[in-house]
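Student: Fold the following, please.
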Amino acid sequence: MYKKNAHVVNPIGLHARPATMFIRTATEFTSSIRIRRPGGAEVNAKSIIMLLSQGFTKGTEVEISAEGEDEKQAVEALCALLASGCGEELD
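Tutor: Numbers count the residues shown, from 1 in each chain. You can find the predicted model right below:
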């Protein structure tokens, strides 16, 4: 298992558009990928419903973990995507 913390930087948080980009990226990997607030409940990072249900707002710290043959690449790609704002313009 590989895990790393990142922060949500989108001004409106991880709403539908950036969440969709996050899911698309996550599904490119074969590893099982989970996301959570540190100390919180993990959810499937490949599920749009589960991701949106977490209400990740701007500044929220998240822990992304993956288990599988491409776990490190998956976590690093998703952390980089969050840091970039998932393709959205940042304030």
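Student: In stretch 79-89, which residues are buried?
Tutor: Within stretch 79-89, the residues that qualify as buried are Cys79, Leu81, Leu82, Gly85, Cys86, counting by 16 or more other Cβ atoms under 10 Å. Yep, even glycine has a C-beta here, placed from its N, CA and C like the rest.
Student: what's the most distant pair in those?
Tutor: Taking every pair in those and measuring Cβ to Cβ, the maximum separation is 12.6 Å, between Cys79 and Gly85.
Student: isn't Glu76 right next to Lys3, touching?
Tutor: No - Glu76 sits out of contact with Lys3 when judged by Cβ atoms under 8 Å, with a separation of 11.0 Å.
Student: Excluding chain neighbours, what is closest to Ala74?
Tutor: Phe29 (3.8 Å; Cβ to Cβ, 6 or more residues apart in numbering).
Student: In terms of helices and strands, where is that neighbour?
Tutor: Using DSSP states H and E, Phe29 maps to neither a helix nor a strand.
Student: where's it relative to Tyr2, distance?
Tutor: Note on Phe29: its distance to Tyr2, by Cβ to Cβ, to the nearest Å, is 11 Å.
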